[in-house]
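Engineer: generate a structure from the sequence data that follows.
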Amino acid sequence: MLVLGFPVGPLQANCYVLARAEGGPCVVVDPGQDAVEPLAEQLVKHRLTPAAVLLTHGHFDHVLSAASICAEHDAPVHVHPTDRFMLSDPGAALGPAGRQLFGDGITAEEPAEVREIAGGDVLELAGLSFDVTHSPGHTGGSVLFGVGTEEGGRLLLSGDTLFAGAIGRTDLPGGDHGQMLHSLSTKVLPLDDETVVLPGHGPTTTIGRERAGNPFLQELPASDAH
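Structural biologist: From the prediction side, this is the model:
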């Protein structure tokens, strides 16, 4: 299994490419701001062709290049319906502070083919099987993508729900801190310690490492953590 990850844009959001092997179809996860050129370099280097784009949530730093990539490769985008509106109106989710910081100049368009996803879905794409888990908190439509490796391990594409040593912010429109804690308690903590986490920002980690050292997980009530 081939897993590539690289940060894109001013906010250094992680874009991922997953494939069974070089020289075949792949899945692109969270192609955010300024992702087109670095993604193209990886596709050429590894002889890959995107079969689909997956979005962990709708914030512009994770989705802004999706329409261009989908159009170039005639690929659909998969997103939770709650966050779909951000594909064509990225400023709607920034709030006053975000608009002041990034301005109203961020524009986007919805990809030609949008497939709405829900928790419990299983997506068979490019020879890989992705489990979809709805994890609201950072946004109302945040999701986790789980995928198995040929070696028997598990990967979790956590978006901005879980980072190494931190969790996603919940103070933007659509965010809800109570929902975030519930998602972490019921969707993240039950996962095996060996699960490798590929987060939306920052370095790779594991569920076991976060369970032991992430202060936001340790603060969860004991009854919620089991």
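Engineer: host element of residue 15?
Structural biologist: strand 13-19 (DSSP states H and E).
Engineer: centre of the chain to the following helix or strand past that strand, how far?
Structural biologist: Following strand 13-19 in sequence order, the next helix or strand is strand 25-29 (DSSP H and E). With C-alpha atoms, centre = their mean, to the nearest Å as the basis, strand 25-29 stands 12 Å off its chain's centre.
Engineer: again, but for stretch 168-187
Structural biologist: That offset, for stretch 168-187, works out to 15 Å (C-alpha atoms, centre = their mean).
Engineer: average pLDDT across that stretch?
Structural biologist: Mean per-residue pLDDT for stretch 168-187: 94.
Engineer: any idea how far apart the tips of it sit?
Structural biologist: The straight-line separation of the ends of stretch 168-187 (C-alpha to C-alpha, to the nearest Å) is 15 Å.
Engineer: and that stretch, which residues are buried?
Structural biologist: For stretch 168-187, the neighbour count (16 or more other C-beta atoms under 10 Å) marks 168, 170, 172, 174-176, 179-185, 187 as buried. For every residue, glycine as well, the C-beta is placed using N, CA and C.
Engineer: which residues does residue 106 contact?
Structural biologist: Contacts of residue 106 were listed using C-beta atoms under 8 Å, 6 or more residues apart in numbering, and they are 60, 64, 90, 91.
Engineer: just put the residues you listed in JSON lines and tack on secondary structure.
Structural biologist: Formatted as JSON lines, those follow (DSSP: H, G, I helix; E, B strand; the rest coil):
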{"residue": "60", "secondary structure": "helix"}
{"residue": "64", "secondary structure": "coil"}
{"residue": "90", "secondary structure": "helix"}
{"residue": "91", "secondary structure": "helix"}
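Engineer: from those, which two are the most distant?
Structural biologist: Using C-beta to C-beta, the pair of the contacts of residue 106 lying farthest apart is 64 and 91, separated by 11.6 Å.
Engineer: what about these two, which has more around it?
Structural biologist: residue 64 (24 against 17; other C-beta atoms under 10 Å).
Engineer: with adjacent residues omitted, what lies nearest to that one?
Structural biologist: residue 33 (4.4 Å; C-beta to C-beta, 6 or more residues apart in numbering).
Engineer: how about the strands in this protein?
Structural biologist: 2-8, 13-19, 25-29, 49-54, 77-79, 114-116, 122-125, 128-134, 143-148, 154-159, 162-163, 166-167, 196-199, 205-206 (DSSP state E).
Engineer: nearest to residue 220, of those?
Structural biologist: strand 166-167 (10.5 Å).
Engineer: coming back round to it: gap between the residue nearest to residue 64 and residue 7?
Structural biologist: Residue 33 sits 11 Å away from residue 7, going by C-beta to C-beta, to the nearest Å.
Engineer: who has more neighbours, those two?
Structural biologist: residue 33 (23 against 16).
Engineer: where does that one land on pLDDT?
Structural biologist: Per the predicted model, pLDDT is 92 at residue 33.
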